[in-house]
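1. no sequence for this one, just the structure:
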């Protein structure tokens, strides 16, 4: 059985169609970023977060960074740090790294 008290460290590029073009500057859809966190964390650790919260209004540009938050193993708070690595039309690539908050 995996040690559930070990920190979840997930680092991987996640690709998501996560833009909205409602404003002059495209922004990342919070639900798309949250799904990227779920995909990366569950794919690398086997733990499936169910309550990922990401901010709205994040400009979709390379280098932009922001944090999402979720509950990890044993009910402990975790932070997923996302950095946009590529924007191609409506496709956004993220580097996702998570850690206990």
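-> Happy to help now that I have it. This structure is a prediction, so every number in the text was calculated from the model and none was measured.
2. what pairs with residue 66 across the strands?
-> On the basis of DSSP bridges, residue 66 takes part in beta bridges with residue 82.
3. let me see the confidence value for it.
-> If you check residue 66, the pLDDT there is 97.
4. what sits against it?
-> Taking Cβ atoms under 8 Å, 6 or more residues apart in numbering, we find residue 66 in contact with 28, 33, 54, 55, 58, 81, 82. In short, each C-beta sits where N, CA and C put it, glycine included.
5. what about the second one, which helix or strand?
-> I take that to be residue 33. If you go by DSSP states H and E, residue 33 is part of helix 30-45.
6. that helix: which residues count as buried?
-> Of the residues in helix 30-45, 30, 32, 33, 34, 35, 36, 37, 38, 39, 40, 41, 45 count as buried by neighbour count, 16 or more other Cβ atoms under 10 Å.
7. which one of those residues is nearest residue 94?
-> Lowest distance from residue 94 to the buried residues of helix 30-45 (Cβ to Cβ) belongs to residue 36, with 5.2 Å.
8. distance of the closest one relative to residue 97?
-> From residue 36 over to residue 97 the distance is 12 Å, taken as Cβ to Cβ, to the nearest Å.
9. show me what contacts the residue positioned nearest the centre of the chain?
-> Most central in the chain under Cα atoms, centre = their mean is residue 37, positioned 3.4 Å from the mean C-alpha point. Residue 37 makes contacts with 14, 49, 52, 54, 68, 70, 80, 82, 96, 98, as judged by Cβ under 8 Å, 6+ apart.
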